[in-house]
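S.K.: mind looking at a prediction? Sequence and model below.
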Amino acid sequence: MKVTTVDHPLVQHKLALIRDKNTGSKDFRELMAEVSMLMAYEATRDLELEETVVETPVAPARVKVLAGKKLALVAILRAGLVMVDGILRLIPAARVGHIGLYRDPETLEPTQYYAKLPLDIAERRIFLTDPMLATGGSAVQALDVLKEKGATHIKLMSIIAAPEGIERVMKAHPDVDICVAAVDERLNEKGYIVPGLGDAGDRIYGTK
Ligand SMILES: O=P(O)(O)OC[C@H]1O[C@H](OP(=O)(O)OP(=O)(O)O)[C@H](O)[C@@H]1O
Ligand SMILES: O=c1cc[nH]c(=O)[nH]1
Ligand SMILES: [Mg+2]
């Protein structure tokens, strides 16, 4: 398993704005989508290419185009949706799946309430999105769901991770690579990432 931290200056600058408690929902959503798109640029660096030829107005050109497995983006609801919005700007033809999970505020364990995945998910290369990797319970459950459907090639994309979450995913799914914009210090007693950005879903959708 590989953990990649996208430390590009644009990502880090936008992440600073996202963390700021004075950033409102509209800007928060836009920035989350932008950061996700920039992270996807890095996370897709190892996609396979194949050579082909196209005719330019001047002459034939040997070019490279994407090859190999088709792609799917899978959002963990709710907060993972905003990441899919951003990544689709780069990969508009990707299929999109959804896994609905909410974390019990007392036990911090995830409960699944929804799943809808592309039928051929097992043949696709998957980017699973959730901006917050806290205890890791939600990510591990979503990865379980994907693997039950036969998925074998999955990368988890989270904007902020806690060390505890990375460790839990690593233990349960050592074959899954993780791409993050930051690894923070720790979790607090309520399971929130410190310093983190607060409750991602609530900040995206203006709920409490
Ligand atoms: O790593 P974990 O400890 O499982 O925590 C992370 C999860 O918590 C948040 O979702 P939440 O349950 O708040 O649902 P929401 O996105 O609908 O607000 C977040 O979006 C992750 O899915
Ligand atoms: O810090 C955290 C932890 C879990 N979910 C969030 O939205 N934020
Ligand atoms: Mg939430």
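M.R.: Now that the structure is in, tell me what you want to look at. From a predicted model like this one, the values you see are computed outputs, not experimental measurements. Ligands and ions are numbered 1, 2, ... in the order given.

S.K.: could you check how far E55 is from ligand 3?
M.R.: 51 Å (CB to the ion, to the nearest Å). Every C-beta, even on glycine, is put in place using the N, C-alpha and C of the backbone.

S.K.: quickly list what that residue is bridged to.
M.R.: Judged by DSSP bridges, the bridge partners of E55 are P60.

S.K.: so how far is ligand 1 from it?
M.R.: Look at E55 and ligand 1: by CB to the nearest ligand atom, to the nearest Å, they are 47 Å apart.

S.K.: likewise E30?
M.R.: Taking CB to the nearest ligand atom, one finds E30 at 18 Å from ligand 1.

S.K.: swap in T23?
M.R.: 17 Å.

S.K.: ditto for K147
M.R.: Counting by CB to the nearest ligand atom, the gap from K147 to ligand 1 is 17 Å.

S.K.: in which helix or strand does that residue reside?
M.R.: Remark: K147 resides in helix 137-148, with elements defined by DSSP states H and E.

S.K.: mean confidence for that helix?
M.R.: Averaged across helix 137-148, the pLDDT comes to 98.

S.K.: the chain should start at 388 in everything you say after this.
M.R.: In the new count, where the first residue is 388, that last one comes out as helix 524-535.

S.K.: what are the pairing partners of the helix or strand following it, and which direction each?
M.R.: Once the chain leaves helix 524-535, the next helix or strand it forms, by DSSP H and E, is strand 540-548. Paired with strand 540-548 in the same sheet, following DSSP bridges, are strand 512-516 (parallel), strand 519-520 (parallel), strand 564-570 (parallel).

S.K.: show me what contacts R465?
M.R.: When contacts are counted by CB atoms under 8 Å, 6 or more residues apart in numbering, R465 is found next to 588, 591-592.

S.K.: rerun that using 10 Å as the cut-off
M.R.: Going by CB atoms under 10 Å, 6 or more residues apart in numbering, R465 touches 485, 487-489, 517, 587-589, 591-592, 594.
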